[in-house]
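Student: kindly generate the corresponding structure for this input.
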Amino acid sequence: MENEAFDYVIVGAGSAGCTLANRLTEDPKVSVLLLEYGGSDKNIFVQMPTALQIPMNTKRFNWGFWSEPEPNLNNRRLDVSRGKGLGGSSSINGMIYVRGNACDFDEWEEHGAAGWAYKNCLPYFKKAETCAYGADNYRGGDGPLHTCNGNGMTNPLYHAFIRAGAEAGYGLTEDYNGYRQEGMSKMDMTVKGGVRWSTAKAYLEPALGRENLTVLTKAMIRRVVLEGKRAVGVEYVRNGTEESARANREVILSAGAIGSPHILQMSGIGPGQVLKDAGIEVRHELPGVGENLQDHLESVIQYETKLPVSLNRHMGLFGKFLIGARWVLTKRGLGATNHFESTGFIRTRAGLKWPNIQFHFLPAIVRYDGKGGAGPEGYQIHFGINKLRSRGWVRAKSADPFEKPSIVFNFFQDQRDIDEYRTAFRLTREIGMQPALDAFRGREFDPGEHVQTDEEIDAWVRENVETAYHPSCTCKMGPDGDAMAVLDPGCNVRGIERLRVVDSSIFPTVTNGNLNAPTIMIGEKAADIIKGVPPLPVSNAEAYVAPNWETAQRVGTSIRPMP
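Tutor: Purely as a prediction, here's the structure:
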């Protein structure tokens, strides 16, 4: 360990890592080294919101993980895109800002993550955010992360979708990130002034001028260096040379739900048999490392439109040129949004206390990942189940950091998941047939009206469903009595001194929505834990639960103009 020493060594400059780097270096007496394998985020296709498909399909910005053949999805291998570079996945994701349901965080505390209930987490969501609609008991007004509604739903299809959900009996909510998640709503995104507002923009750039922060890119982590049961630094490969860095206080892994458990396992920390199978010496047996993998699944129902209002008419080369040129010159127009400007959260059945279906509405027919050409003029409803029961894993294949780990989701391992997904399909199709969409709706383009029976729906789902790119829970927090809990509620790795994990892998259970917002919240809250300062005062803001949730699947029809 002959190289320079730092107080903290943070591994991974993603959503949590950039947040930690900023907050820890607010103290000029504290030195921080931030290590990242990817490079700079200074690229027009990263910064332009509408171009999100390009960095997702570029090796420079994407780790390029794939799952093993999934046994319940016709042995398909699933794309597990993860961000590589400053900002991590916040530099290649869809920029959708969803905190999750209040009940998600209360569930965390019920699972043994003391101090992580909604009342504890809401103040950190607010601390992180500047909301374009203004601050209140739920939304922040002076945080680094900027959120807005993109172009303000100027396309009439956004309003038609929201109204269709209300006509189906799911009601409206003014702010799904505020008091009430359940219902139909406009959708938030992490965009400021027409530019992607990643954590590299929000947190890292303002801190780069601090003398106590060192950022090294192109650094592939080989292992955490242990002296007995104490973490003292990391070894990494940079430009073909093996290097090391000492941490005088702590090593903090923020490499994400795939990277963090992989690094722990390569360091000899994890399930004994997994390590032995990979040829790695067992330094500390911890059976939960890499287990409990959870994600969201997503499918799309597509409709042709009878009116020329979809985005497909802009998807030719000349149309894309005009969009890009306007964005370069003004940071406005169709280039300044991710196009997911309306949403909804509903329940599949009575007896669920909070929603388990999430919608993303897109006024175009196109693949989210950009693979394949665009379809005809139309629109599509993305839907998925957010609280799956199936569990997977991430497991190292060897001690070589350049060999990607084995990833298995085990989607639909639990029959109840496919049953609920089938219900979600039918409920989505029902919303798609509401009167509010009559003026626009042509034929159902995919899967097509011929898909009707349980068997036909299940077959279509198994062949077409994809991950929503929300892996989590592989280094979960939990109580002392939980043998599968990797961390205590302070984010400390159990049995190893001076080693923490701070990213989406620490979730005890996956939240009800996209993961970027709660991952940033974790970075904010964990920074205070690491600094040893008192947590922010708890919030007494109430959260909505449908009054009829025990007996009814819908809240009742409620139609009014959107604010």
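
Student: averaged pLDDT, the longest strand along the chain. What do you get?
Tutor: The strand that spans the most residues within the chain, counting by DSSP state E, is strand 241-253. Here the mean pLDDT over strand 241-253 is 97, rounded to a whole number.

Student: residues in contact with it?
Tutor: 1-12, 17, 20, 33, 35, 219, 222, 224-225, 231-237, 259-260, 263-264, 475, 498-503, 530 (CB atoms under 8 Å, 6 or more residues apart in numbering). For every residue, glycine as well, the C-beta is placed using N, CA and C.

Student: kindly format the C-alpha coordinates of that strand as CSV.
Tutor: Coordinates of each C-alpha in strand 241-253 appear next as CSV, following Å, rounded to 0.1, in the frame of the first residue of the first chain:
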residue,chain,number,x,y,z
THR,A,241,-0.9,-0.9,-14.2
GLU,A,242,-1.8,-2.3,-10.8
GLU,A,243,-2.2,0.4,-8.2
SER,A,244,-3.5,0.8,-4.7
ALA,A,245,-4.9,3.4,-2.4
ARG,A,246,-5.1,3.4,1.4
ALA,A,247,-8.2,4.5,3.3
ASN,A,248,-7.4,5.9,6.7
ARG,A,249,-11.0,5.9,7.8
GLU,A,250,-13.2,3.8,5.5
VAL,A,251,-13.7,2.1,2.1
ILE,A,252,-17.2,2.8,0.7
LEU,A,253,-18.5,0.7,-2.2
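
Student: export stretch 200-219 to PDB, keeping only CA atoms.
Tutor: Once non-C-alpha atoms are left out, stretch 200-219 reads as follows in PDB (Å, rounded to 0.1, in the frame of the first residue of the first chain):
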ATOM      1  CA  ALA A 200     -22.300  14.100 -12.200                       C
ATOM      2  CA  LYS A 201     -24.000  17.400 -13.000                       C
ATOM      3  CA  ALA A 202     -25.800  17.900  -9.700                       C
ATOM      4  CA  TYR A 203     -23.200  16.700  -7.200                       C
ATOM      5  CA  LEU A 204     -19.800  16.000  -8.700                       C
ATOM      6  CA  GLU A 205     -19.200  19.100 -10.800                       C
ATOM      7  CA  PRO A 206     -19.800  21.500  -7.900                       C
ATOM      8  CA  ALA A 207     -17.200  19.600  -5.900                       C
ATOM      9  CA  LEU A 208     -14.500  19.200  -8.500                       C
ATOM     10  CA  GLY A 209     -12.700  22.400  -7.500                       C
ATOM     11  CA  ARG A 210     -12.200  21.200  -3.900                       C
ATOM     12  CA  GLU A 211      -8.600  20.400  -3.100                       C
ATOM     13  CA  ASN A 212      -9.700  17.500  -0.800                       C
ATOM     14  CA  LEU A 213     -11.400  15.600  -3.600                       C
ATOM     15  CA  THR A 214      -9.400  13.400  -6.100                       C
ATOM     16  CA  VAL A 215     -11.300  11.700  -9.000                       C
ATOM     17  CA  LEU A 216      -9.600   8.900 -10.900                       C
ATOM     18  CA  THR A 217     -11.300   7.400 -14.000                       C
ATOM     19  CA  LYS A 218     -10.400   4.300 -15.900                       C
ATOM     20  CA  ALA A 219      -9.800   2.500 -12.600                       C
END
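
Student: numbering from 7 from now on, please.
Tutor: Sure thing, new numbering starts at 7, so read that last one as stretch 206-225.

Student: what residues does that stretch touch?
Tutor: The list of residues contacting stretch 206-225 from outside it, by CB under 8 Å, 6+ apart, reads 12, 19, 24-25, 27-29, 31, 33-47, 91-93, 96-97, 150-152, 196, 198, 201, 242-245, 249, 529.

Student: can you check stretch 165-176 too?
Tutor: With contacts defined as CB under 8 Å, 6+ apart, stretch 165-176 is touched by 159, 178, 188-192, 348, 350, 352, 365, 367, 385, 387, 433, 436-438, 440-443, 445-446, 560-565, 568.

Student: before we move on, what about stretch 65-74?
Tutor: Counting by CB under 8 Å, 6+ apart, the neighbours of stretch 65-74 from elsewhere in the structure are 44-45, 49, 52, 61-62, 83-91, 97-98, 264-265, 410-415, 473.

Student: start to end distance for it?
Tutor: Distance between the two ends of stretch 65-74: 20 Å, counting by CA to CA, to the nearest Å.

Student: cool, and stretch 41-51?
Tutor: Looking at stretch 41-51, the gap from its leading to its trailing residue is 23 Å under the measure CA to CA.

Student: what is the mean pLDDT for it?
Tutor: Per-residue confidence for stretch 41-51 averages out to 97 on the pLDDT scale.

Student: how far does it sit from its chain's centre?
Tutor: Average the C-alpha atoms of stretch 41-51, do the same for its chain, and the two points are 19 Å apart (CA atoms, centre = their mean, to the nearest Å).

Student: follow-up on the earlier one: buried members of the contacts of stretch 165-176 into ChimeraX, please.
Tutor: The following ChimeraX line selects those of those that are buried, judged by 16 or more other CB atoms under 10 Å:
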select :159,178,188,189,190,191,192,348,350,352,365,367,385,387,433,437,438,440,442,443,446,560,561
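
Student: go through the contacts of stretch 165-176 and flag which are in helices.
Tutor: Within the contacts of stretch 165-176, residues falling in helices by DSSP state H are Leu433, Glu436, Ile437, Gly438.

Student: and these, which is closest to Glu310?
Tutor: Closest approach to Glu310 among the ones in helices among the contacts of stretch 165-176 (CB to CB): Gly438, at 11.9 Å.

Student: gap between the closest one and Gln559?
Tutor: With distances taken as CB to CB, to the nearest Å, Gly438 is found 17 Å from Gln559.

Student: any regions of the stretch 257-406 of the chain where pLDDT drops low?
Tutor: Along the stretch 257-406 of the chain, the parts satisfying pLDDT under 70 run over 374-380.

Student: could you do the stretch 7-156 of the chain as well?
Tutor: Scanning the stretch 7-156 of the chain for pLDDT under 70 picks out 7-9.

Student: show me where it has its strands.
Tutor: Ranges of strands in the stretch 7-156 of the chain, per DSSP state E, counting those that start in this stretch, are 11-17, 38-41, 71-72, 85-86, 135-137, 151-153.

Student: what lines up beside the longest one in the sheet?
Tutor: Sheet pairing for strand 11-17, assigned by DSSP bridges, gives strand 38-41 (parallel), strand 247-259 (parallel).

Student: just say which of those strands is most tucked in.
Tutor: Using mean count of other CB atoms under 10 Å, the stretch among these with the greatest mean number of neighbours is strand 38-41 (a mean of 26).

Student: what's next to that strand, contact-wise?
Tutor: With contact meaning CB under 8 Å, 6+ apart, strand 38-41 is reached by 10, 12-19, 23-24, 27, 30-31, 210, 218-222, 225, 227, 240, 242, 251, 253.

Student: cutoff 7 Å now
Tutor: For strand 38-41, the external contacting residues (CB atoms under 7 Å, 6 or more residues apart in numbering) are 12-17, 19, 23, 27, 30-31, 218-222, 225, 227, 242, 251.

Student: of all the strands paired with strand 11-17, which lies closest to Ala331?
Tutor: Between Ala331 and the strands paired with strand 11-17, the tightest spacing by CB to CB is seen for strand 38-41, at 35.3 Å.

Student: quick check: buried residues in the helix or strand that contains Val231?
Tutor: Here Val231, judged by DSSP states H and E, is contained in strand 225-233. Judged by neighbour count using 16+ other CB under 10 Å, the buried positions of strand 225-233 are Ala225, Ile227, Arg228, Arg229, Val230, Val231, Leu232.

Student: nothing else from me, thank you.
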